[in-house]
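Novice: Predicted model and sequence below, questions to follow.
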Amino acid sequence: MWTFNPTERRQLVNNQTQESRKLKSTDCQILKLLVENSGQVVSKDKLNHSAWPERVVAPANLPQAIAQLRLALGDTGREQQFIKTVPKQGYLLVEGVVTFAETFSDNTQELLPHTPGSVSPTVSATNVPPARTKLATKLTITSLSILLVFALSWLIRILYIDAFTARQIWQQRTYLGITYFFPNTDIGTQEYEAIKDTYPENVLMIYLSENPEQHYVSCVYTSSTLRERSTQNLSFSRDYSTSQRKEAIRELCQ
């Protein structure tokens, strides 16, 4: 159903509709491990290590990433047609749902054939002419200087715009006990009218914004497990429907 290439900008492509999806880097690592083990249960520890190596993360990070992957594949936490939760073990990707693209290879380098008695070629630093070394050093310094000037010019421009551009005005409305914040524009109002709905009682506030490529949703809610206030930031490409975004809010903000 889906072709997966972790090296592409939009990593998932639907084989029938050619619809593409862009994944976060952590979600991409999790899906890569699930595809490599299609039809088998992958433990939570392995998935956590794949997405966040040598880092201690909150217990909710992995379920939230799985929810985002389900959303990308057209699945939900209720149905679990493609990614199944195996209690106290991990997650399982149904075999045949996602396959690696033919152009994708996980090999970082080609293995060279080795024959007994063969000697690997080596390059000695003394073989490099001194004049060429000096030239390379000068070119490197010049390139870094140009990059530094370019970066400083952009930094000055950003600071100027930030200092002299009027701040965006936000609108605030309350619907069914949830406070919504959105830009005070026609587009912002349309987004509010589309997203406002019945959500879990623990959702307190929802912030809405967008740009030409993405919809952004931030929800403030009371965690059902820790009983403390938490925030979940979500981003959706324009491919996602309003109903899919609502489903993600219900599933992730709890």
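Specialist: Sure, I can see it.

Novice: Next secondary structure after the helix or strand of the chain with the lowest mean pLDDT?
Specialist: Least confident element among the helices and strands of the chain, by mean pLDDT, DSSP states H and E: helix 130-164 (a mean of 72). Downstream of helix 130-164, the next assigned helix or strand under DSSP states H and E is strand 170-175.

Novice: Could you list every helix and strand in contact with that next one?
Specialist: Helices and strands touching strand 170-175, by 3 or more C-beta pairs under 8 Å, 6 or more residues apart in numbering; DSSP states H and E, are strand 178-183, helix 186-195. For every residue, glycine as well, the C-beta is placed using N, CA and C.

Novice: contacts for it?
Specialist: 179-184, 188-189, 192, 196 (C-beta atoms under 8 Å, 6 or more residues apart in numbering).

Novice: Weed out the non-buried ones from the residues you listed.
Specialist: Taking 16 or more other C-beta atoms under 10 Å as the criterion, what is buried in the contacts of strand 170-175 is 180-183, 188, 192, 196.

Novice: how about CSV for those residues, with distance to Tyr240 and pLDDT added?
Specialist: Compiled in CSV, these are given as follows (distance: C-beta to C-beta, whole Å; pLDDT from 0 to 100):
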residue, distance to Tyr240, pLDDT
Tyr180, 19, 97
Phe181, 21, 96
Phe182, 18, 95
Pro183, 19, 93
Gly188, 18, 93
Tyr192, 17, 96
Lys196, 17, 95
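
Novice: Any chance of those residues in a markdown table with distance to Glu36 as columns?
Specialist: Listed next are the buried ones among the contacts of strand 170-175 as a markdown table, based on distance: C-beta to C-beta, whole Å:
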| residue | distance to Glu36 |
| --- | --- |
| Tyr180 | 41 |
| Phe181 | 41 |
| Phe182 | 41 |
| Pro183 | 42 |
| Gly188 | 42 |
| Tyr192 | 42 |
| Lys196 | 41 |
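
Novice: from the contacts of strand 170-175, which is closest to Thr140?
Specialist: Pro183 (44.9 Å; C-beta to C-beta).

Novice: What does Ala60 show for phi and psi?
Specialist: phi -80, psi -10 (degrees, to the nearest 10).

Novice: Name all residues that make contact with it.
Specialist: Ala60 neighbours (C-beta under 8 Å, 6+ apart): 223, 225, 230.

Novice: Which one (most neighbours) among those residues?
Specialist: Among the contacts of Ala60, Ser230 has the most neighbours (other C-beta atoms under 10 Å), with 17 neighbours.

Novice: thinking again about what came up before, of all the helices and strands packed on strand 170-175, which one is nearest Leu71?
Specialist: Taking those one by one with C-beta to C-beta, helix 186-195 is closest: 15.1 Å.

Novice: count of residues packed around Asn37?
Specialist: Residues lying near Asn37 (other C-beta under 10 Å) number 16.

Novice: how close does it sit to Asn5?
Specialist: Per C-beta to C-beta, to the nearest Å, Asn37 is found 18 Å from Asn5.

Novice: before we move on, what about Leu135?
Specialist: Distance from Leu135 to Asn5, by C-beta to C-beta: 39 Å.

Novice: neighbour-wise, which of these two wins?
Specialist: Between Leu135 and Asn5, counted using other C-beta under 10 Å, the more crowded position is Asn5 (16 against 11).

Novice: Can you check the pLDDT for the more buried one?
Specialist: pLDDT, Asn5: 93.

Novice: secondary structure element for the closest residue to Leu33 other than its chain neighbours?
Specialist: Spatially, and ignoring its direct neighbours in sequence, Leu33 is nearest to Ser50 (4.7 Å; C-beta to C-beta, 6 or more residues apart in numbering). Ser50 belongs to helix 44-51 when assigned by DSSP H and E.

Novice: Good, we can wrap up now.
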